[in-house]
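S.K.: here is a sequence together with a model predicted from it:
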Amino acid sequence: MLTLYSFGPAANSLKPMLALYEKQLEFVPRFLDPVKFEQHEEWYKKINPRGQVPALEHDGRIITESTVICEYLEDVFPQQNPLRPRDPFDTAQMRIWTKWVDEYFCWCVSTLAWERLIGPMARKLSDEEFEAKVKRIPVPEQQAKWRSARAGFSKQVLEEELRKVRTSVEKLESRLGESEWLACSHYTLADICNFAIANGMERTFPELVNASATPHLVAWIRRINERPAAQKMFANAKREQFITN
Ligand SMILES: N[C@@H](CCC(=O)N[C@@H](CS)C(=O)NCC(=O)O)C(=O)O
């Protein structure tokens, strides 16, 4: 049995969720509500001691780290719609793209999203309420990030992260101008993991991602959104999230 703990189909949570849908694997979706800081509750820290989503439970064993979960699903269910290339060179290209999203692309987008979304949410809490929430966060670096978001990141940090977002967008646009998919001639985990971060950027970074500035990136985002697996994931998640929360 497979259970996926997530915030729903966005960011790191989207990676294993879309992989599950693409592979047509049945799983139990467990949605956590970030507004209620559910990821820091004791019951969930027993599942992921880092207090973060996503986490996959497979027959009573837990796997964390979004990209690792995706590769785990490939290892355990290799026959079902493979999302990892057969050719070792193509697999290496796929891993270069998933490493890049995990170590670079994800972080600059994340800091700007925290400034815009988490900051205002954290400022709604009194100092006492906020400190009580922060105390439950198990990773010191995450505690610091919550504090920075509440105080507002410095102008210098925001400018540097925006520069990295711009660089990331240029890199994706350039690659997608020469190839339909990121790693090789077909759709792989490289596309899923980068789509997890890029989806929605037309709305959140309209000055950087739009049909005239980045036509190939926009077309790739559309192509993935139009896949039956993605459509089913978004439709189901809307309903299931509503029921769970
Ligand atoms: N490296 C981890 C990062 C996980 C992560 O940053 N999760 C975010 C959501 S996208 C989270 O749980 N944030 C809530 C928090 O840190 O309190 C992965 O890829 O799974």
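M.R.: That came through, no problem. Numbering: from 1, shown residues only.
S.K.: isn't there a helix covering T3?
M.R.: No. Judged by DSSP: H, G, I helix; E, B strand; the rest coil, T3 forms no part of a helix; its state is strand.
S.K.: quick one, what contacts it?
M.R.: F27, V28, P29, R30, L56, E57 (CB atoms under 8 Å, 6 or more residues apart in numbering). (C-beta placed from N, C-alpha, C; glycine too.)
S.K.: out of the residues you listed, name the ones that lie in strands.
M.R.: Using DSSP state E, the subset of those located in strands is V28, P29, R30, L56, E57.
S.K.: what about the closest residue to the first one other than its chain neighbours, distance to E160?
M.R.: Among residues not flanking V28 along the chain, T3 sits closest, at 4.4 Å (CB to CB, 6 or more residues apart in numbering). Distance from T3 to E160, counting by CB to CB, to the nearest Å: 38 Å.
S.K.: likewise for G177?
M.R.: According to CB to CB, G177 and E160 sit 26 Å apart.
S.K.: circling back to that earlier point, for the ligand, state which of the contacts of T3 is nearest.
M.R.: Nearest to the ligand among these, counting by CB to the nearest ligand atom, is L56 at 10.2 Å.
S.K.: okay, now the closest one: neighbour count?
M.R.: 27 (other CB atoms under 10 Å).
S.K.: that one against I62, yeah?
M.R.: Yes. If you go by CB atoms under 8 Å, L56 and I62 touch, sitting 7.1 Å apart.
S.K.: so where's the chain uncertain?
M.R.: 242-245 (pLDDT under 70).
S.K.: show me what contacts the residue of the chain most remote from its centre?
M.R.: Distance to the chain centre peaks in the chain at E128, reaching 30.3 Å (criterion: CA atoms, centre = their mean). Listed by CB under 8 Å, 6+ apart, the contact set of E128 is empty.
S.K.: gap between it and V134?
M.R.: 11 Å.
S.K.: repeat that for V35.
M.R.: Applying CB to CB to V35 and V134 gives a distance of 15 Å.
S.K.: please enumerate the helices of the protein.
M.R.: Applying DSSP state H to the chain gives helices spanning 11-22, 42-45, 66-76, 88-100, 106-113, 119-123, 127-135, 140-151, 155-178, 189-198, 201-204, 215-225, 228-244.
S.K.: turn those helices into CSV, including distance to Q52.
M.R.: Shown next, in CSV, are those (distance: least, CB to CB, whole Å):
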stretch, distance to Q52
helix 11-22, 8
helix 42-45, 9
helix 66-76, 9
helix 88-100, 18
helix 106-113, 12
helix 119-123, 17
helix 127-135, 15
helix 140-151, 8
helix 155-178, 20
helix 189-198, 14
helix 201-204, 21
helix 215-225, 24
helix 228-244, 18
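S.K.: find the nearest non-adjacent residue to R123, please.
M.R.: Leaving aside its sequence neighbours, R123 sits nearest to R150 (CB to CB, 6+ apart; 5.9 Å).
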